[in-house]
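**Q** Sequence first, then the predicted structure:
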Amino acid sequence: MANEAKTSIIFRELLRAAHYYDDTDIIIEEQKSDNAKIDKLLKNASKRGNKKGYPDFLLYSRKYPELLIVVEAKADSNKHVSATLDNYADYAVDGSLLYASFLAKEFDVLAIGISGEDNNNLRISHYLQLKEEKNAYPLFDDKVLTIDEYFEGIRESNYKFNQDYAKLIAYTKTLNESLHAKKIKESQRALLISGILIALKDKAFKAGYKKHEKVEQLVKALYTAIDGQLSTAEIPQKKIDVLTNAFTFIKTNPTLTDKREGKKFLEDLIDEIDEEINGFMVTHKYVDTVSQFYIEFLRYANNDKGLGIVLTPPHITELFVELAGVDKNSVILDNCCGTGGFLISAMKRMLKDAKGDKEKEKHIKDEQLIGIEFQDDIYTLLISNMIIHRDGRTNIYWGNCFEEIEDVKQRFKPTVGLLNPPYKTKASDIEEFEFILNNLDALEPGGICVAIIPISCVIEKTTIAESLRKRVLEKHTLEAVLSMPEELFHNSKVNTVTCAVIITAKKPHPKGKKTWFAYCRDDGFVKMKNKGRMDARHTWDDIKEMWVTAFRNREVIDGFSLMREVNEKDEWCVEAYLETDYSKFTLEDYERTVKKYLMFNMMNLSVIADGDDENEDL
């Protein structure tokens, strides 16, 4: 007869081996809980009805009060997990998920199912259900880890990042409305937030900003802390003067200096930013958070689109870093670096590859990240972003990339180019491919450039477009073109449809060489109310891996990718060459496409008629 007690004994031995019983911060409870909060949540958690129920084991630590581990054991390894995950009474995993569903109202819950009466037949599965989420997802392998390893694994998981990132985006909207109500200009909002984040790096300011009696003292302390952090950031003095000047509005802004309400408003704002934004960045390092505020604050002012600025979503910057094969020895150049998203994603991957080598980490930060930005306000945000991340700020150029590129080439010898150039908004603007050619000119022979540009750049039949494509092929090798998601920049309210080009520098495109084209239109992201496009189904990691693997192996996949020889007169996109299988289309597909087309026409007519002022209040 199966004996569940044997399974419980094995699990206790696994806990003992992982030092759970040695850690005085860890509480281990079996089939009950003395924790009133947990007990209340489980009052209706019976597997067979609306009565109180308890898992076989409950584990939690005073170090990680937001995390609970629930364990359900079964003697028979054939009763480990059901196909539907809802046979709570008879299967180990199913039962653990039942308890997780109740406890996830207040905790992040790791549900563990364990089955088997001996180590040879033992089965262990982990599922994560985050607080206030309805679904649980498999995580970790079949080993019992330490509680520290569980916590770090959850914190670094895509599931936790997606949840926290959604909260950050929601907070940007709330904060934007709050700053709008206080009549702080759109152009100053991102600067104010980044300035506060910089000031919070100053230990004295962070410890004492609530101790000032008057708003004038607090404002002065804030500005002084910003100035101090800029001055110790190894930035040339002429750049420091530009940066500190950008933050001078803090000393004179009527809202911030208001004698009646300014002190409380500013203190509350600093509190919020420390909790909401710093908290996010402590958990998720090397994410371009500043750009998210820039996008939100300026999307209503029409400034970002008017200037051709389209900031790259973080999942795409990470994709490009992988497509380029960035490692600890790469030297990265972004000659149109905006708020630094590509540099931050590259740094994240390079530091991970350094594997704790402090000397190498310092060299990466000091010598292997180079950016150029032309606009002074974005340059200020860029430097702020790098200071907030404590990295890479010494090699950020403020100026014209076409003038600065020779110095960059000689000093740093870049091997990887990553960029999202300014998009043309009028005929006199610089062509997007000119920025790519500028980047390629700085790269070492054989270096890889990955850029995202409007799809029009690779399909237009104009003399200028074909001439630029010819220049690319004459000096460089077109390795691949990926058609990107159509609503990639939905969060910025920019409708540009884009593609990614991957080019090997300074090796002319060989005659007869084929280029890899891929239909990367579906990144798994969905539009969510008040959150924009999100990886709500947690599918992006798998999709990214498939895209990167397919590119590296130049895989030809039916309906997704192909190899084709092209010249400057051809269309450089997969859609031009994919054969359509009309048998897969339905009447619903046709109706949906027609509706989208009609809506597009109606929106454009509305813009012409009304001046597109729907968002002018923000």
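**A** That came in fine, so what should we check first?
**Q** Pop the domain breakdown of this protein in here.
**A** Per the record, the chain has its domains at 4-155, 160-283, 313-576, 584-618, by automatic domain parsing.
**Q** Of the ones you listed, which is nearest Thr289?
**A** Closest approach to Thr289 among these is made by domain 160-283 (6.0 Å; Cβ to Cβ). For glycine as for every other residue, the C-beta is placed from the backbone atoms N, C-alpha and C.
**Q** how long is that closest one end to end?
**A** Across domain 160-283, the terminal residues are separated by 9 Å (Cα to Cα, to the nearest Å).
**Q** Could you do stretch 243-256 as well?
**A** Span of stretch 243-256 from end to end, Cα to Cα: 19 Å.
**Q** so after the helix-or-strand element of the chain with minimal mean pLDDT, what's the next helix or strand?
**A** None of the helices or strands of the chain scores lower by mean pLDDT, DSSP states H and E than helix 303-306, at a mean of 44. Sequence-wise, the next helix or strand downstream of helix 303-306 (DSSP states H and E) is helix 314-323.
**Q** Give me the contacts around that next one.
**A** For helix 314-323, contacts defined as Cβ atoms under 8 Å, 6 or more residues apart in numbering pick out 287-288, 341-342, 344-346, 348-349, 418, 450, 452, 484, 488, 500, 502, 523, 525, 535, 540, 544, 547-548, 551.
**Q** at 6 Å instead, please
**A** For helix 314-323, contacts defined as Cβ atoms under 6 Å, 6 or more residues apart in numbering pick out 287-288, 341-342, 345-346, 349, 418, 450, 540, 544, 548.
**Q** Among the residues you listed, which lie within helices?
**A** Among the contacts of helix 314-323, DSSP state H puts 341-342, 345-346, 349, 540, 544, 548 in helices.
**Q** how about those in CSV, adding pLDDT, distance to Asn400 and neighbour count?
**A** Supplementary listing: the ones in helices among the contacts of helix 314-323 in CSV, determined by pLDDT from 0 to 100; distance: Cβ to Cβ, whole Å; neighbours: other Cβ atoms under 10 Å:
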residue, pLDDT, distance to Asn400, neighbour count
Gly341, 89, 21, 28
Phe342, 94, 19, 34
Ser345, 92, 25, 26
Ala346, 95, 23, 29
Arg349, 94, 29, 20
Trp540, 95, 35, 20
Lys544, 97, 34, 20
Val548, 98, 33, 14
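**Q** Just the closest of these to Arg592, please.
**A** Trp540 (23.3 Å).
**Q** hang on, isn't that closest one packed against Gly524?
**A** Yes - with contact defined as Cβ atoms under 6 Å, Trp540 reaches Gly524; the gap is 5.2 Å.
**Q** buried set for the helix or strand hosting Asn385?
**A** Element membership for Asn385 (DSSP H and E) is helix 376-388. Of the residues in helix 376-388, 377-388 count as buried by neighbour count, 16 or more other Cβ atoms under 10 Å.
**Q** so what's Lys409 closest to, chain neighbours aside?
**A** Ranked by Cβ to Cβ, 6 or more residues apart in numbering and with sequence neighbours excluded, the top spatial neighbour of Lys409 is Ala442, at 4.4 Å.
**Q** make that Asp39, sorry
**A** Ser33 (5.0 Å).
**Q** tell me the SS of the one you found?
**A** Put simply, Ser33 is coil when judged by DSSP: H, G, I helix; E, B strand; the rest coil.
**Q** Any figure for the gap between it and Asp23?
**A** Counting by Cβ to Cβ, to the nearest Å, the gap from Ser33 to Asp23 is 18 Å.
**Q** Show me which of the two is the more surrounded one.
**A** Using other Cβ atoms under 10 Å as the criterion, Ser33 and Asp23 rank with Ser33 on top: 20 against 16.
**Q** Local confidence estimate at that one?
**A** Note on Ser33: pLDDT of 93.
**Q** Repeat that for Met1.
**A** 56.
**Q** Look up how far His212 lies from the residue nearest to Thr283 when sequence neighbours are not counted.
**A** What sits nearest to Thr283 in space, not counting adjacent residues and going by Cβ to Cβ, 6+ apart, is Arg155, at 5.7 Å. The gap separating Arg155 from His212 is 34 Å, by Cβ to Cβ.
**Q** Tyr379 too?
**A** 31 Å.
**Q** and if you look at Thr232?
**A** 22 Å.
**Q** So for those two, which sits in the more crowded spot?
**A** When Thr232 and His212 are compared for neighbours, His212 comes out ahead with 17 against 12, by other Cβ under 10 Å.
**Q** before we move on, what SS does that one have?
**A** Applying three-state DSSP: His212 is coil.
**Q** helix or strand for the residue nearest to it when sequence neighbours are not counted, which one?
**A** Excluding its sequence neighbours, the residue lying closest to His212 (Cβ to Cβ, 6+ apart) is Leu218, at 4.3 Å. Assigned by DSSP H and E, Leu218 belongs to helix 215-231.
**Q** for that helix, packing partners?
**A** Counting contacts by 3 or more Cβ pairs under 6 Å, 6 or more residues apart in numbering; DSSP states H and E, helix 215-231 packs against helix 186-199, helix 237-246, helix 249-252, helix 262-273.
**Q** so which of those gets nearest Asn395?
**A** Using Cβ to Cβ, the helices and strands packed on helix 215-231 put helix 237-246 closest to Asn395, at 11.4 Å.
**Q** Go through the contacts of helix 314-323 and name the one nearest Thr224.
**A** Ranked by distance to Thr224 (Cβ to Cβ), these are led by Asp288 at 26.8 Å.
**Q** the strands in the stretch 451-600 of the chain, which residues?
**A** Here the stretch 451-600 of the chain has its strands, by DSSP state E, counting those that start in this stretch, at 477-483, 498-504, 515-519, 526-528, 532-534, 561-564.
**Q** angle of the first one against strand 515-519?
**A** With axes from the mean of the first three to the mean of the last three Cα atoms, to 10 degrees applied, the angle from strand 477-483 to strand 515-519 works out at 10 degrees.
**Q** CA-only coordinates of strand 477-483, as CSV, when you get a sec.
**A** The C-alpha trace of strand 477-483 is given here as CSV (Å, rounded to 0.1, in the frame of the first residue of the first chain):
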residue,chain,number,x,y,z
THR,A,477,27.2,42.5,-46.2
LEU,A,478,23.4,42.3,-45.7
GLU,A,479,23.0,39.3,-43.5
ALA,A,480,19.3,39.5,-42.6
VAL,A,481,16.2,41.6,-42.5
LEU,A,482,13.5,40.9,-40.0
SER,A,483,10.0,42.3,-40.4
